[in-house]
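K.L.:
Provided below for reference: sequence and predicted model.
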Amino acid sequence: MYSRTIVTKMLLYLLFKKHFTFCNLWILFATNRLKTLTMLSVKNIVKQYATHRALDDVSLEVEQGKIFGLLGPNGAGKTSLIRIITQITAPDSGEVIFNGQKLNSNHINQIGYLPEERGLYKKMEIGEQVLYLSKLKGLSTSEATKRIKFWFEKLDMATWWNKKVEDLSKGMQQKVQFVATVLHNPELIILDEPFSGFDPVNADLIKNEILELNAKGTTFIFSTHRMESVEELCDNIALIDKSKKILDGAVDDIKASYRNNTYVIEYAGDTDFTNNALFDVLETSDVKDGKCLKFKLKEGYTANDVLSEMLPKVRINRLAEVIPSMNDIFIERVKK
């Protein structure tokens, strides 16, 4: 028989060992989880075409499971960067890391790419064409056919199998190419102006498919000039202008950082507030129940000070801060 002291020590040892093992496992899990948070790292990429530098020391990170907006005016360098990520071209210097590994040919089938310039064969039947593109991505004929039928049914394309591309509208062709892009279940999908050519109904349909795929874990790089789509879909963005990255971060954080103490207030009453010590009036207008002022607070004052000043004189119907839109921020940064 063991003494009580020995038994106690053994129990404490076993408890400590179990606790220590659990802690080690948790640390290992957390460490690996942190390592996998970044799906794509672009590091100091430079790309030169003759006398034109398309990308100048561009770096960015795309987190796993996020929708990342790649923004910039025409000719900024966005397409050059996408072509490097998809291995159509190579950088002159810098590197791209995909899922912890230097980007290589083994990653091609893990990435889907919908280019702005569409690449479908006009004389080829739709079903045959998507099947061909699917097999290029490594799918067997049977598996590809199964997935094509699923997506064609889902996007109301079931009767399109024997149609030719030239018989379809631009929006219908866009749906075909979207299916070809997502069919092989890539981990990363790059969409360059994906809503081009769509009517509002089909644009909303594709938007919902993007959100559904993203909810299942697919990561997206989304390049567009439609800033309303950026605000609606993107978690993070990078803005490229004249070959350089000039802004990046979470959409909400960027918008918050551009707040400038501008408000709109709607009120009923005859008091004139255009000349006061609290704010500068930017715009005035008439609204259904009175008047509307857009104003910017003077230094040292808050919206509460405005309410304290106005409430004894008029009835306040609405007060709201004006948060700059991504479109406003885009224009401001690119014009600098």
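P.N.:
On my side now, so go ahead. Numbers count the residues shown, from 1 in each chain.
K.L.:
who's in contact with residue 108?
P.N.:
By CB atoms under 8 Å, 6 or more residues apart in numbering, the contact list for residue 108 reads 86-87. Every C-beta, even on glycine, is put in place using the N, C-alpha and C of the backbone.
K.L.:
Now do the helices in the stretch 201-336 of the chain.
P.N.:
In the stretch 201-336 of the chain, the helices defined using DSSP state H, counting those that start in this stretch lie at 227-233, 251-257, 303-310, 326-335.
K.L.:
Can I get these in a markdown table including distance to residue 90?
P.N.:
A markdown table is the format used below for the helices of the stretch 201-336 of the chain (distance: least, CB to CB, whole Å):
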| stretch | distance to residue 90 |
| --- | --- |
| helix 227-233 | 29 |
| helix 251-257 | 31 |
| helix 303-310 | 53 |
| helix 326-335 | 28 |
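K.L.:
I figured residue 80 hits residue 52, correct?
P.N.:
No - assessed by CB atoms under 8 Å, residue 80 is found out of contact with residue 52, at 9.8 Å.
K.L.:
Looking at these two, which has the bigger crowd around it?
P.N.:
residue 80 (23 against 11; other CB atoms under 10 Å).
K.L.:
so how far is residue 222 from the more buried one?
P.N.:
Distance, residue 80 to residue 222, by CB to CB, to the nearest Å: 17 Å.
K.L.:
My guess is residue 291 contacts residue 283. True?
P.N.:
No - with contacts counted by CB under 8 Å, residue 291 stays clear of residue 283, the gap being 11.0 Å.
K.L.:
Which of these two has more residues huddled nearby?
P.N.:
Neighbours were counted for residue 291 and for residue 283 using other CB under 10 Å; residue 291 has more, 19 against 9.
K.L.:
got the residue ranges for the strands in this structure?
P.N.:
In chain order, the chain shows strands spanning 38-49, 52-63, 67-71, 93-98, 101-102, 111-114, 188-192, 219-223, 236-241, 244-250, 262-268, 279-287, 290-297, 315-321, with DSSP state E as the criterion.
K.L.:
could the ones you listed be laid out in TSV, adding mean pLDDT and distance to residue 140?
P.N.:
Shown next, in TSV, are the strands of the chain (pLDDT from 0 to 100; distance: least, CB to CB, whole Å):
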stretch	mean pLDDT	distance to residue 140
strand 38-49	96	27
strand 52-63	96	30
strand 67-71	97	30
strand 93-98	96	25
strand 101-102	96	26
strand 111-114	95	18
strand 188-192	96	21
strand 219-223	96	25
strand 236-241	96	36
strand 244-250	96	40
strand 262-268	96	58
strand 279-287	94	62
strand 290-297	94	61
strand 315-321	95	56
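K.L.:
Columns distance to residue 327 on top of those, output as TSV?
P.N.:
Shown next, in TSV, are the strands of the chain (distance: least, CB to CB, whole Å):
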stretch	distance to residue 327
strand 38-49	25
strand 52-63	21
strand 67-71	10
strand 93-98	29
strand 101-102	36
strand 111-114	23
strand 188-192	19
strand 219-223	15
strand 236-241	12
strand 244-250	14
strand 262-268	15
strand 279-287	18
strand 290-297	17
strand 315-321	17
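K.L.:
winner for burial among these?
P.N.:
Scoring the strands of the chain by mean neighbour count under mean count of other CB atoms under 10 Å gives strand 67-71 as the most buried, with a mean of 25.
K.L.:
and residue 208, how many residues sit next to it?
P.N.:
Residue 208 has 10 nearby residues by other CB under 10 Å.
K.L.:
What distance do you get for it to residue 186?
P.N.:
For residue 208 relative to residue 186 (CB to CB), the value is 19 Å.
K.L.:
now residue 289
P.N.:
52 Å.
K.L.:
next one: residue 328
P.N.:
Relative to residue 186, residue 328 is positioned 34 Å away (CB to CB).
K.L.:
what about those two, which has more around it?
P.N.:
Neighbour comparison, residue 328 and residue 186: the larger count goes to residue 186, with 20 against 14 (by other CB under 10 Å).
K.L.:
which non-adjacent residue is nearest that one?
P.N.:
In this structure, residue 186 finds its nearest non-sequential neighbour in residue 112, 3.8 Å apart by CB to CB, 6 or more residues apart in numbering.
K.L.:
Give the bridge partners for the one you found, please.
P.N.:
Beta-bridge pairing for residue 112 (DSSP bridges): residue 189.
K.L.:
Backbone torsions only: list them for the closest residue to residue 305 other than its chain neighbours.
P.N.:
Computed as CB to CB, 6+ apart, the closest residue to residue 305 that is not its neighbour in sequence is residue 278, at 5.6 Å. Per-residue torsions, residue 278: phi -90, psi -30 (degrees, to the nearest 10).
K.L.:
Isn't residue 278 up against residue 300?
P.N.:
No - here residue 278 does not reach residue 300: they are 9.4 Å apart, not a contact under CB under 8 Å.
K.L.:
who's more crowded, these two?
P.N.:
Using other CB under 10 Å, the more surrounded residue of residue 278 and residue 300 is residue 278, with 17 against 7.
K.L.:
Relative to residue 291, how far out is the residue nearest to residue 269 when sequence neighbours are not counted?
P.N.:
With CB to CB, 6+ apart as the criterion, residue 269 has its nearest non-adjacent residue at 3.0 Å, and that residue is residue 314. The spacing between residue 314 and residue 291, counted by CB to CB, is 9 Å.
K.L.:
Good, we can wrap up now.
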